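1. give me the fold of what follows.
(chains A and B)
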Amino acid sequence: MTTAGADARSAQMLKVLEPSVSDFVTLMKPRVMTLVVLTAVAGLLLAPGAIHPVIGLIAIIAISVGAGASGALNMWYDADIDQNMARTAARPIPRGRVTPDEALQFGGVLSVISVLTLGVLVNWVAGALLAMTIIYYVFIYTMWLKRLTPQNIVVGGAAGAFPPMIGWAAVTGTVSVESILLFLIIFMWTPPHFWSLALLRSRDYERVGVPMLPVVAGPAETRKQILLYSIVLVPLAIVPAFIGLGGITYGAASVVLGAVFLWFAFDVWRITEGREADKACKRLFWFSILYLYALFAILVIEGAMNRLLA
Amino acid sequence: MNDMSQTVTETESVIAAAEKRRQRMRSVAIALGLGFLVMMFYAATIVHLGANVANRAI
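-> Residues are numbered from 1 along each chain as shown, chains lettered A, B, ... in the order given. From the prediction side, this is the model:
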């Protein structure tokens, strides 16, 4: 082996391990961030009262950066289990693209900056809610309950449900029943969404020792819980149409999409064996994403139209 | 033995260069982030002050 050859190889290896901008973007869980942006915008547009567009934009940026920061802190803490799961093995830390220290610093600094920016430039109720969301997601969910209880997804779902409340608080400076309703829709949506995926990936979770419901209580109980949460979710998601948060389009969409959601959840409960059972889980998982995006997209469009026409 | 120590030294210099690149990238990212933050605070201040920006004792 020549020294030049070894040199070139080590240089190439270090180049492979060097982080790129996209690694840090991945660290912020961009797909989760899109949902955060959508739901926070919905909260912001539906809230009564006025907000300057620039301040509204700053609020949305701060909320999404805060969500991304908590995603980075989650990846930092979960790096040990991420490397052993097919779904997460390609994340930047297990691949060696970003060091755990870099992820911790990145997530920590962005958390502080996002909370301070929201607090100083928008209002401190919104800032405090964002701080609470980050603390809840990182400390209570990621570090404490995720590896302790099969209800981890229910607990973690609350963190993902806060953005519309923060968006609402950015305008009003308060927390109201309407914003709690938006919170509850996402909160009730999370278990059927994640458990339908967990049913397919239960071996992965079992291997790394995360007590997901299918691992601890078994597939039959998980299927029952999916159906029960769906039965609560669907009527709850129709309520905005009756209290003036959503219009006719939202009302119609929440009924039709809700019926499909229930049908798919019923299929997950009914079909328990073979490839058809896996198909039913996949169908519910993908449809649940469409369901939530569609409902909040309609709320955003209706909210924007109302503000433009007011 | 001499060859081996030379390889080690060269590998160390490659690592140092990589670390330097990493640090430079981090510095650029921090500078861009701070620049964006300054712009955001500037814009928000103008919005909050509104027309009062020009309304001050000289």
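
2. show me which residues of chain B sit near chain A.
-> Residues of chain B found near chain A (CB under 8 Å from any CB of the partner chain) are B:3, B:6-7, B:10-11, B:14-15, B:18, B:21-22, B:25, B:29, B:37, B:40-41, B:43-44, B:47-48. C-beta here means a position set from N, CA and C on the backbone, and glycine is covered the same way.

3. in PyMOL, how would I select just the buried ones from those residues?
-> In PyMOL, this line selects whichever of the residues of chain B next to chain A come out buried by 16 or more other CB atoms under 10 Å in any protein chain shown:
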select buried, chain B and resi 7+10+11+14+18+22+40+43+44
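
4. what segments of chain B are helices?
-> B:2-49 (DSSP state H).

5. any low-confidence regions in it?
-> Low-confidence segments of chain B, defined by pLDDT under 70: B:1-2, B:53-54, B:56, B:58.

6. could I get the buried residue list for the helix or strand containing A:Tyr291?
-> Assigned by DSSP states H and E, A:Tyr291 falls within helix A:274-309. Within helix A:274-309, the residues that qualify as buried are A:277, A:280-285, A:287-288, A:291-292, A:294-296, A:298-300, A:302-303, counting by 16+ other CB under 10 Å.

7. kindly report the same for stretch A:152-160.
-> For stretch A:152-160, burial by neighbour count (16+ other CB under 10 Å) applies to A:152-160.

8. what about those residues, which are in helices?
-> A:152-160.

9. these: which two are farthest apart?
-> Using CB to CB, the two most remote members of those are A:Asn152 and A:Gly160, lying 12.7 Å apart.

10. would you confirm that A:Met165 contacts A:Leu129?
-> Yes. If you go by CB atoms under 8 Å, A:Met165 and A:Leu129 touch, sitting 6.0 Å apart.

11. these two: who's more crowded?
-> A:Met165 (28 against 25; other CB atoms under 10 Å in any protein chain shown).

12. helices of the stretch 1-150 of chain A, start to end?
-> A:3-17, A:21-27, A:30-46, A:53-77, A:79-82, A:100-121, A:124-135 (DSSP state H, counting those that start in this stretch).

13. now these in CSV, with mean pLDDT and distance to chain B?
-> Shown next, in CSV, are the helices of the stretch 1-150 of chain A (pLDDT from 0 to 100; distance: least, CB to the nearest CB, whole Å):
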stretch, mean pLDDT, distance to chain B
helix A:3-17, 55, 4
helix A:21-27, 90, 8
helix A:30-46, 95, 15
helix A:53-77, 96, 5
helix A:79-82, 92, 19
helix A:100-121, 96, 4
helix A:124-135, 97, 13
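
14. how about those helices in a markdown table, adding distance to A:Tyr229?
-> Putting the helices of the stretch 1-150 of chain A into a markdown table (distance: least, CB to CB, whole Å) gives the following:
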| stretch | distance to A:Tyr229 |
| --- | --- |
| helix A:3-17 | 42 |
| helix A:21-27 | 29 |
| helix A:30-46 | 18 |
| helix A:53-77 | 23 |
| helix A:79-82 | 25 |
| helix A:100-121 | 30 |
| helix A:124-135 | 21 |
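
15. which among those is found nearest to A:Val208?
-> That would be helix A:79-82 among the helices of the stretch 1-150 of chain A, by CB to CB, at 4.1 Å.

16. any chance you could list what contacts that closest one?
-> A:75, A:88-89, A:91, A:93-94, A:100, A:103, A:208-210 (CB atoms under 8 Å, 6 or more residues apart in numbering or on different chains).

17. 10 Å - rerun?
-> Here helix A:79-82 makes contact (CB atoms under 10 Å, 6 or more residues apart in numbering or on different chains) with A:74-76, A:88-95, A:98-100, A:103, A:146-147, A:204-205, A:207-210.

18. just the ones of those residues in strands?
-> Judged by DSSP state E, the contacts of helix A:79-82 include no members of strands.
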